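K.L.:
A predicted structure for the sequence below; I have some questions about it.
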Amino acid sequence: MPSLDLKKLQQRFRRAVTSPGSRQSPAWLGIRDTPPIPYDRRLDIYQYAYFARIHESLQDDFGWVEKAMGKPKFEAMCRRFLEKYPSRFASLAEVGRRMPQFLKETAPWKSKPGLAELARFEWDCFICEMVANPRKDDPITTKGIFVLHPAVRLFSSRYEIDRVRANQAPKRRPELRHWLIYRDEDGDASYYRLPESQAAILEMIRDGESLEKLVAEFERRKISQKRASQWFQSWAQQQIISGVQRAGSDQ
Amino acid sequence: MTKADFPFLGFGVGLRNHYADHFRSSRPEGIDWVEAITESYLPWEDGTWVRSIEALEKVRSHLPIALHGVSLSIGSSDPLNESYLHRWKMLIDRIQPAWVSDHLCWTGGNAHNVHDLLPLPYTEEALKHLAARISRVQEHLGRRLLVENVSSYVEFDHGDYAEWDFLAELTKRTGCGLLLDVNNVYVSAVNHGFDAWDYLSAIPKNSVGQIHLAGHRNKGTYCVDTHDEPVCDEVWKLYERVAGWLGPTTTMIERDDRYPEWAELKAEVDKARQLATGNHAITRSQEVTATV
């Protein structure tokens, strides 16, 4: 058999490693079948390492989803996930980025939309724990006057996350519910339910809305200056707001 | 070929979360430098810096660091990942490592990273391909790259070179250095039935900038490079021999799973130092070339 060019050889080898059952003869793959180890056992080592490494990473990122599904079903789901969304990331930590989307759009999991919501929540918690603190010399790109700490995530869902987590099959509610995910003193993601009014204001801050628009929103919602001030003090104490940006400044 | 870009830093370990407390505020006794995994600190694709970079900066303030990558995929037939190169350069600019390294392998492709170190055929085609890409990377980074030999479990039908000759030719064509993983040589020697010393003694001495030592799982008829065991006696013997042959060469212990107590890992670092200094009486004045 003539030698394979590098591209063809890599295409075939990758398929053999990532798609169980698709294996061809060693000659087709361009590899030697030399004793004492059969060639398929040699390939098994790569195949095992491929899945085990990513599976372990996904287990770390989506521990609640795994608990809700059960370990065997979670493992089977991860295999399907990798077939549909193979990693295109340099870091293993990013591989789970599309898991919520996968669960939302793929049968049989899409029939339990709470799972996709739980995965989305877990991913937000993961990002909250991973993201670096702002540096003093980082350019602030927001147009707004207040700056949310980069670890803060604003999460909205029609599902009760804690019920999904406990595998209690929550009902979909007509109204959105809101959570604030923040990094606690130990560096872990913590969260609490947010009233809709606070969620709306924090979303405006996140999106860089101007002070004028924030004031107008407080007025529209009939939130007193005293109450607004209490919110901001509380957010500052919890470091949910990490900085105050002078309007018009680019520093 | 010169070792000037890869000065002797002494003896170290891989920086892992499990041992983070030992590095937080000062240089641990008997540890001269650390190697950090590039991808654990690389900004993400959307430009987000990860929090681990803050810990790495603290370590960097009291220890020399080398960055060791696992996803460059230098041997892939896909185009070089420009986003990766850009983010890697950002990390290098922020950390100012003593040097950077990655593996002589491919990891899947730009659209499908398998996060494993896959083997390459040692053909002229692969050599030309790698030489061009390594040169491009070195140009982009403005520094020489150290390329590590990987352990492998398969060999390809067609090859124009033995692995060690391939490595030698690659260093000649690109000026890159070698990160010589003695355990990987041993594992591949067992799996493919060659003599580990034939491999090691064929390596161009002046190209070796760093040495890796690690443990593996012996499965009877073959070995798997797992980094979850202590360095085995056979690898220690090879290391002693290769250290004597190479002279003072920066060395580290890799441990990535089933982490032992710190004292046990440190004892392996001490053993590496002892075996190397036994051969060459490495003096403190040579060790302090480990400039931060």
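P.N.:
Yep, that arrived. Numbers count the residues shown, from 1 in each chain, chains lettered A, B, ... in the order given.
K.L.:
show me where the chain has strands.
P.N.:
Because you didn't say which chain, this covers chain A. A:146-148, A:153-157, A:177-183, A:189-194, A:241-244 (DSSP state E).
K.L.:
should've been chain B
P.N.:
Counting by DSSP E, the strands of chain B are B:11-14, B:33-37, B:65-68, B:100-103, B:145-148, B:177-181, B:208-214, B:217-218, B:223-224, B:251-254.
K.L.:
who does the first one touch, helix- and strand-wise?
P.N.:
Under the contact definition 3 or more CB pairs under 8 Å, 6 or more residues apart in numbering or on different chains; DSSP states H and E, strand B:11-14 sits against strand B:33-37, strand B:251-254, helix B:262-280. Placement of C-beta: from N, CA and C, glycine included.
K.L.:
same thing but 10 Å
P.N.:
strand B:33-37, strand B:65-68, strand B:208-214, strand B:251-254, helix B:262-280 (3 or more CB pairs under 10 Å, 6 or more residues apart in numbering or on different chains; DSSP states H and E).
K.L.:
if I look at whichever residue of the stretch 101-250 of chain B sits closest to chain A, how far off is B:L178?
P.N.:
As assessed by CB to the nearest CB, chain A sits closest to B:H158 within the stretch 101-250 of chain B, at 3.6 Å. Separation of B:H158 from B:L178 (CB to CB, to the nearest Å) stands at 24 Å.
K.L.:
So for residue 217, what's the pLDDT?
P.N.:
Using chain A. As predicted, A:E217 sits at a pLDDT of 95.
K.L.:
wait, I meant chain B there
P.N.:
Here the pLDDT value assigned to B:R217 is 97.
K.L.:
could you list every residue that touches the nearest residue to B:T174 once chain neighbours are set aside?
P.N.:
In space, and not counting its chain neighbours, B:T174 is closest to B:I134: 4.4 Å by CB to CB, 6 or more residues apart in numbering or on different chains. Listed by CB atoms under 10 Å, 6 or more residues apart in numbering or on different chains, the contact set of B:I134 reads B:72, B:74-75, B:102, B:104, B:144-145, B:147, B:170-171, B:173-176.
K.L.:
what do you get for A:E203?
P.N.:
A:L148, A:L154, A:S156, A:H178, A:L194, A:E209.
K.L.:
now B:D157
P.N.:
With CB under 10 Å, 6+ apart, B:D157 has these contacts: A:1-4, A:9, A:26-27, A:29-33, B:121.
K.L.:
Roughly how far does the residue of the stretch 101-250 of chain A found nearest chain B sit from A:P38?
P.N.:
Minimum separation of the stretch 101-250 of chain A from chain B (CB to the nearest CB) falls at A:A132, amounting to 4.0 Å. When distance is defined by CB to CB, A:A132 is 47 Å away from A:P38.
K.L.:
Which one of those two is surrounded by more residues?
P.N.:
Comparing A:A132 with A:P38 by other CB atoms under 10 Å in any protein chain shown, the one with more neighbours is A:A132, at 17 against 12.
K.L.:
Next, the contact list for the nearest residue to that one once chain neighbours are set aside, please.
P.N.:
Spatial nearest neighbour of A:A132, chain neighbours left out: B:W49 (4.0 Å); criterion: CB to CB, 6+ apart. B:W49 makes contact with A:130-135, A:138, A:150, B:41-43, B:87, B:90-91, B:94, according to CB under 10 Å, 6+ apart.
K.L.:
Which among those residues count as buried?
P.N.:
Buried members of the contacts of B:W49, counted by 16 or more other CB atoms under 10 Å in any protein chain shown: A:M130, A:V131, A:A132, A:P134, A:P150, B:Y41, B:L42, B:P43, B:R87, B:L91, B:R94.
K.L.:
could the residues you listed be laid out in JSON lines, adding distance to B:A189?
P.N.:
Shown next, in JSON lines, are the buried ones among the contacts of B:W49 (distance: CB to CB, whole Å):
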{"residue": "A:M130", "distance to B:A189": "39"}
{"residue": "A:V131", "distance to B:A189": "44"}
{"residue": "A:A132", "distance to B:A189": "42"}
{"residue": "A:P134", "distance to B:A189": "50"}
{"residue": "A:P150", "distance to B:A189": "48"}
{"residue": "B:Y41", "distance to B:A189": "33"}
{"residue": "B:L42", "distance to B:A189": "33"}
{"residue": "B:P43", "distance to B:A189": "38"}
{"residue": "B:R87", "distance to B:A189": "36"}
{"residue": "B:L91", "distance to B:A189": "34"}
{"residue": "B:R94", "distance to B:A189": "39"}
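K.L.:
Compile these into a markdown table and extend it with columns for distance to A:P86 and pLDDT.
P.N.:
Putting the buried ones among the contacts of B:W49 into a markdown table (distance: CB to CB, whole Å; pLDDT from 0 to 100) gives the following:
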| residue | distance to A:P86 | pLDDT |
| --- | --- | --- |
| A:M130 | 22 | 97 |
| A:V131 | 25 | 97 |
| A:A132 | 27 | 96 |
| A:P134 | 33 | 86 |
| A:P150 | 28 | 93 |
| B:Y41 | 24 | 98 |
| B:L42 | 19 | 97 |
| B:P43 | 22 | 97 |
| B:R87 | 20 | 98 |
| B:L91 | 24 | 98 |
| B:R94 | 30 | 97 |
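K.L.:
Could you tell me which of these belong to helices?
P.N.:
Per DSSP state H, helices hold the following members of those: A:M130, B:R87, B:L91, B:R94.
K.L.:
Figure out which of the strands of chain B is closest to B:G193.
P.N.:
Judged by CB to CB, the one of the strands of chain B that comes nearest to B:G193 is strand B:223-224, at 12.0 Å.
K.L.:
hang on, A:S91 packs against B:V70?
P.N.:
Yes - using CB atoms under 10 Å, A:S91 is in contact with B:V70, at 9.4 Å.
K.L.:
neighbour count winner among the two?
P.N.:
Remark: of A:S91 and B:V70, A:S91 carries more neighbours, 25 against 21, as counted by other CB under 10 Å.
K.L.:
mind checking the backbone torsions on that one?
P.N.:
phi -100, psi 140 (degrees, to the nearest 10).
K.L.:
Spatially nearest residue to it (excluding sequence neighbours)?
P.N.:
A:S91 sits nearest to B:E39 (CB to CB, 6+ apart), 4.5 Å away.
K.L.:
so what's that neighbour up against?
P.N.:
Counting by CB under 10 Å, 6+ apart, B:E39 makes contact with A:89-94, B:50, B:67-72, B:84, B:87-88, B:91, B:115.
K.L.:
B:H140 too?
P.N.:
Counting by CB under 10 Å, 6+ apart, B:H140 touches B:L80, B:E82, B:L85, B:H86, B:W88, B:K89.
K.L.:
Can you tell me the number of residues neighbouring the fourth one?
P.N.:
Per other CB under 10 Å, the neighbour tally for B:H86 reads 12.
K.L.:
which ones are touching B:V269?
P.N.:
Counted by CB under 10 Å, 6+ apart, B:V269 has contacts B:G10, B:F11, B:G12, B:V13, B:P28, B:G30, B:I31, B:D32, B:L213, B:T251, B:M252, B:I253.
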